[in-house]
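In: Make a model of this:
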Amino acid sequence: MAVWDQQRSFWTWGNVSDEPSEADRKKAAEAVSKRRGVEVVPPPVPRLEDVEIRASRVDVPGNLSEFVSSDDGDRLLHTYGGHGLELLKALRGQFDNP
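Out: As a prediction, this is how the structure comes out:
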């Protein structure tokens, strides 16, 4: 079983330590605003406790519980890959089919 030495981010690719800071997000928004000629405001960073997802439809058998999880946080981590459109949905807190 893999053991992660850092906490993975559920809304962006990589670890929590790799998430852009609020200053980085504002700087990127300003650059896009200048380039596009319209104001761009970065959306708020989603918080795990604010994401609403449906209940898991899978009951994990006891003999697999060491390796398999139906925990909401784990389900969010594995909902999307690294595609830009998926990351945008995650940033918006949209997890339709976790």
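
In: residues making contact with stretch 47-63?
Out: By C-beta atoms under 8 Å, 6 or more residues apart in numbering, the surrounding residues in contact with stretch 47-63 are 10, 68-70, 72-73, 75-76, 93, 95, 98. Backbone N, C-alpha and C define where each C-beta goes, glycine included.

In: list the buried ones in that stretch?
Out: Buried residues in stretch 47-63, counted by 16 or more other C-beta atoms under 10 Å: Val51.

In: how deep is Glu30 tucked in, by neighbour count?
Out: Residue crowding around Glu30 was assessed by other C-beta atoms under 10 Å; the count is 14.

In: Can you classify it as helix, strand or coil?
Out: Judged by DSSP: H, G, I helix; E, B strand; the rest coil, the three-state class of Glu30 is helix.

In: what sits against the closest residue to it other than its chain neighbours?
Out: Closest residue to Glu30 apart from its sequence neighbours, by C-beta to C-beta, 6 or more residues apart in numbering: Val40 at 7.9 Å. Contacts for Val40 were tallied using C-beta under 8 Å, 6+ apart; they are 29-30, 32-33.

In: Just the closest of those to Asp18, please.
Out: Looking at the contacts of Val40 and their distance to Asp18, the nearest is Ala29, at 18.6 Å (C-beta to C-beta).

In: Who are the contact partners of the closest one?
Out: Here Ala29 is in contact with 40-42 (criterion: C-beta under 8 Å, 6+ apart).

In: Next, find the distance separating it from Val41.
Out: For Ala29, the distance to Val41 equals 6 Å [C-beta to C-beta, to the nearest Å].

In: Tell me the confidence at Met1?
Out: At Met1, the model reports a pLDDT of 46.

In: when you give positions from now on, start the count at 14
Out: Yep, numbering from 14; the last one is Met14 now.

In: Please name the residues that touch the residue positioned nearest the centre of the chain.
Out: By C-alpha atoms, centre = their mean, the chain has its centre lying nearest to Trp24, at 1.5 Å. By C-beta under 8 Å, 6+ apart, the residues touching Trp24 are 32, 58-59, 100, 103-104, 106.

In: No more questions from me, cheers.
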